[in-house]
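In: sharing a sequence plus its predicted fold:
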Amino acid sequence: MNRPMMHVVDPSTGEADPAAIQRAFDAQLATSLAWRTSTAAQRIARLKSLREAMLARREDFYKAFYADYHKPASEVESTEFLPVMDEIRHAIGDLRKWMRPKRVWPTMTTGGTSAWIEAQPRGRCLIVAPWNFPLNLCFGPLVSALAAGNTVILKPSEMTPQVSALMVSIIRDLFREDEVAVFEGSLPTSTALLALPFDHIFFTGSPAVGKVVMAAAAKHLTSVTLELGGKSPVIVDETADLKSAAETLMWGKLANCGQTCVAPDHVYVHESVKDQFVAECRRVIGERYGKTAEEQKVSPHFAHVVNQRHTQRIAGLLEDARARGARFLQGGEVDVASAFVAPTLLDNIPADAAIMSEEIFGPVLPIIAWRDLDAVVREINAQPKPLALYIWSHNKDRTRRIMAQTSSGGVGINHCVLHYAHGNLPFGGVNNSGIGSAHGIYGFKAFSHERAVLKSGPVMVAKLFFPPYTGFKPKLIRMVVDSLKLPKLF
Ligand SMILES: NC(=O)c1ccc[n+]([C@@H]2O[C@H](COP(=O)([O-])OP(=O)(O)OC[C@H]3O[C@@H](n4cnc5c(N)ncnc54)[C@H](O)[C@@H]3O)[C@@H](O)[C@H]2O)c1
């Protein structure tokens, strides 16, 4: 393939050349117009080639992930490969159905017409990805964008350079840059990309940067999907299966070293079962990762923090909590040099501790005892709406009540994180935790414009509304408006 101007990075800064970005963006215009009429078979062929290329580099990805942050190969499989492979499988299976125009019934004033909705590719799309699932959150949205028939520019995170380099190499082998281009870099590269009038931006990252992206998009009225983060709370009541809760929550909290957007952030546990819950959590940590920090540090089952800066950030949260009187029920050890934070359980945390307002994004779980559920609900509602809310209870009425009284991107009942993997559920946040959704048909729709089409028939009710408003027309129009008090006519 002829790729004369791919991936131009200034070696002294690691940033992409803005002129190269502009060239790729310009080159994608003609292709994006041509791809408006791309068939399902052509799009599926692109998805299959992406899948084959990923599988061919599987072992390389294991090494890259280990080099970047000590991520176990099985977690690379389950949290990076599996979601992308499943997204591809789902799109290949359902794409023809998703692309089919959807007929809709006429309503009162559109009698005599036919109408349908066509999913049209948005055009030139930008995908900006975070570091915490660097492959999944870059190639996952790419699958939806390609399924929907778009050209794409990808901006992976600068924090996982080995994984990014592999993704660059795959994209370079598979696509011309007028189809899919990728630019590595940090803030200057993002800023140069965000200045361009893309047709859609799909951003995954923090709420703070989400605001920057939305403000940049507003300059061109570019549509956005924002997949953001936040503090996802857990409520465990006295009817819960505590063993299962601890086993599942310790997985959700400690996989990827807690650096998961939908990780349970902190737990409200009923005071009558708190000690038992803590004992179960401690047992699970010991069995899975080792009883001491030394064992945990070399555990092949436990990822590390992405870098020393973030390790220091988590250490700062722990120091602040300790200084304000928090009790360490487990862990607390930090080794900045090896980016290690031990699985940690905290108790007795004052509400003004930084760890109670900042997204933790590390293997630390604050545990808060409750007696009054209304107070817990009030506390949750006083925070920005979270990406997920998890409820552990066998009391159905109480579960329904908590759900009705709160808002969150998604909910897990007696489970956590797994809703992310359900391809038939929209995945996304609400307000501070995100705008729009991803996965399956929701990802396809995020990258499609739902175009409304109306075709006139031989007889059209609307003609009765044309001027001049003489004779019986004013009366007829009034009658039509009054008739709308009636139940649906068509
Ligand atoms: N909702 C989801 O699906 C989801 C998934 C994973 C992570 N997250 C969230 O992402 C965050 C962690 O990831 P992160 O630290 O990489 O996020 P981040 O917001 O710092 O960075 C995300 C991307 O934006 C770029 N960027 C950083 N600052 C920028 C700026 N000022 N202007 C333009 N671009 C900028 C980065 O280079 C990176 O590619 C957490 O808040 C987490 O909850 C959300």
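Out: Now that the structure is in, tell me what you want to look at. No experiment lies behind these values; they were computed from the predicted model shown. Numbering: from 1, shown residues only.
In: tell me which residue in the stretch 201-350 of the chain sits closest to the ligand.
Out: Residue nearest to the ligand within the stretch 201-350 of the chain: Gly229 (1.9 Å; C-beta to the nearest ligand atom). In short, each C-beta sits where N, CA and C put it, glycine included.
In: contacts only, for that residue.
Out: 205-207, 261, 359, 361, 387, 429, 433 (C-beta atoms under 8 Å, 6 or more residues apart in numbering).
In: look up how far Ser157 lies from it.
Out: Per C-beta to C-beta, to the nearest Å, Gly229 is found 14 Å from Ser157.
In: and for Arg400?
Out: In terms of C-beta to C-beta, Arg400 sits 39 Å off from Ser157.
In: have a look at these two and say which one is more surrounded.
Out: The neighbour comparison of Arg400 against Ser157 (other C-beta atoms under 10 Å) goes to Ser157, with 24 against 12.
In: which residues touch the more buried one?
Out: For Ser157, the contacting residues are 129-131, 134, 164, by C-beta under 8 Å, 6+ apart.
In: again, but for Leu249
Out: Applying C-beta under 8 Å, 6+ apart, the residues near Leu249 are 234, 264, 267, 281, 365, 390, 392, 416.
In: re earlier: now, among the contacts of Ser157, which is nearest to the ligand?
Out: Ranked by distance to the ligand (C-beta to the nearest ligand atom), those are led by Pro130 at 3.1 Å.
In: secondary structure element holding the closest one?
Out: If you go by DSSP states H and E, Pro130 is not part of any helix or strand.
In: burial check on it, number of neighbours?
Out: The burial count for Pro130: 23, using other C-beta under 10 Å.
In: get me the contact residues on this protein for the ligand.
Out: Proximity of the chain to the ligand (C-beta under 6 Å from any ligand atom) is limited to residues 128-132, 137, 155, 157-158, 186-187, 190-191, 194, 204-206, 209, 212, 227-229, 261, 359, 361, 387, 429, 434.
In: narrow these to just the buried residues.
Out: 128-132, 137, 155, 157-158, 190, 194, 204-206, 209, 212, 227-229, 261, 359, 361, 387, 429, 434 (16 or more other C-beta atoms under 10 Å).
In: does Pro161 really touch Phe65, like I thought?
Out: No. Counting by C-beta atoms under 8 Å, Pro161 sits too far from Phe65 to count as a contact (11.7 Å).
In: the more surrounded of these two?
Out: For the pair Pro161 and Phe65, the greater number of neighbours falls to Phe65 (24 against 17), based on other C-beta under 10 Å.
In: and the more buried one, what does it touch?
Out: Contacts of Phe65 by C-beta under 8 Å, 6+ apart are 71, 73, 76, 80, 135, 160, 162-163.
In: which stretches in the stretch 251-400 of the chain count as strands?
Out: 264-270, 327-330, 334-335, 340-341, 344-347, 364-370, 388-392 (DSSP state E, counting those that start in this stretch).
In: and the residue nearest the centre of the chain, how close does it get to Ile201?
Out: Residue closest to the mean C-alpha point of the chain, counted by C-alpha atoms, centre = their mean, is Glu227 at 4.2 Å. Applying C-beta to C-beta, the value for Glu227 to Ile201 is 11 Å.
In: cool, Thr225 as well?
Out: 7 Å.
In: check Ser190 too.
Out: 11 Å.
In: joint contacts of the two?
Out: What both Ser190 and Ile201 touch, as defined by C-beta under 8 Å, 6+ apart, is the set Val128.
In: coming back round to it: return the member of the contacts of Leu249 nearest to Gln383.
Out: Of all these, Val234 has the smallest distance to Gln383: 13.5 Å, by C-beta to C-beta.
In: specify the local secondary structure of the closest one.
Out: Following DSSP: H, G, I helix; E, B strand; the rest coil, Val234 is assigned to strand.
In: in this structure it contacts Cys416, no?
Out: Yes. Using C-beta under 8 Å, Val234 is in contact with Cys416, at 7.0 Å.
In: who touches both of those two?
Out: Counting by C-beta under 8 Å, 6+ apart, the residues touching both Val234 and Cys416 are 249, 264, 390.
In: just to be sure, the first one is in a helix?
Out: Yes. The assignment for Leu249 is a helix, going by three-state DSSP.
In: begin at 55 from now on, thanks
Out: With the count now opening at 55, the last piece we talked about shows up as Leu303.
In: please name the nearest non-neighbouring residue to Ile146.
Out: Ile98 (5.3 Å; C-beta to C-beta, 6 or more residues apart in numbering).
In: which ones are touching the one you found?
Out: The contact partners of Ile98, taken as C-beta under 8 Å, 6+ apart, are 145-146, 149.
In: which among these gets closest to the ligand?
Out: Nearest to the ligand among those is Ala145, at 18.0 Å by C-beta to the nearest ligand atom.
In: helices and strands around the helix or strand containing that closest one, which ones?
Out: Assigned by DSSP H and E, Ala145 belongs to helix 136-153. For helix 136-153, the packing partners by 3 or more C-beta pairs under 8 Å, 6 or more residues apart in numbering; DSSP states H and E come out as helix 94-110, helix 190-201, helix 494-500.
In: any idea which helix or strand comes after the second one?
Out: Scanning forward in sequence from helix 190-201 by DSSP H and E, the next helix or strand is strand 205-209.
In: could you list the paired strands of that following strand along with their orientation?
Out: Strand 205-209 pairs in its sheet with strand 178-182 (parallel), strand 234-236 (parallel), by DSSP bridges.
In: what residues sit buried inside stretch 273-288?
Out: Of the residues in stretch 273-288, those buried (16+ other C-beta under 10 Å) are 276-288.
In: just the CA coordinates of that stretch, formatted as CSV?
Out: Extracted as CSV, the C-alpha positions of stretch 273-288 are listed here (Å, rounded to 0.1, in the frame of the first residue of the first chain):
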residue,chain,number,x,y,z
LYS,A,273,-16.5,25.7,18.1
HIS,A,274,-17.5,23.6,15.1
LEU,A,275,-20.7,22.2,16.6
THR,A,276,-19.2,18.8,16.2
SER,A,277,-21.2,16.1,17.9
VAL,A,278,-19.5,14.2,20.8
THR,A,279,-19.6,11.0,22.7
LEU,A,280,-17.9,11.5,26.1
GLU,A,281,-17.1,8.3,28.0
LEU,A,282,-15.9,9.7,31.3
GLY,A,283,-15.2,8.6,34.9
GLY,A,284,-16.1,9.4,38.4
LYS,A,285,-16.7,7.7,41.8
SER,A,286,-18.9,4.7,41.4
PRO,A,287,-20.4,3.8,44.8
VAL,A,288,-21.5,0.4,46.2
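In: how distant is it from the center of its chain?
Out: 8 Å (C-alpha atoms, centre = their mean, to the nearest Å).
In: and what of stretch 298-306?
Out: Chain-centre distance of stretch 298-306: 21 Å, with C-alpha atoms, centre = their mean.
In: for that stretch, buried residues please.
Out: Under 16+ other C-beta under 10 Å, the buried positions of stretch 298-306 are 299-306.
In: over to stretch 389-408?
Out: For stretch 389-408, using 16+ other C-beta under 10 Å, the buried residues are 389-390, 393-403, 407.
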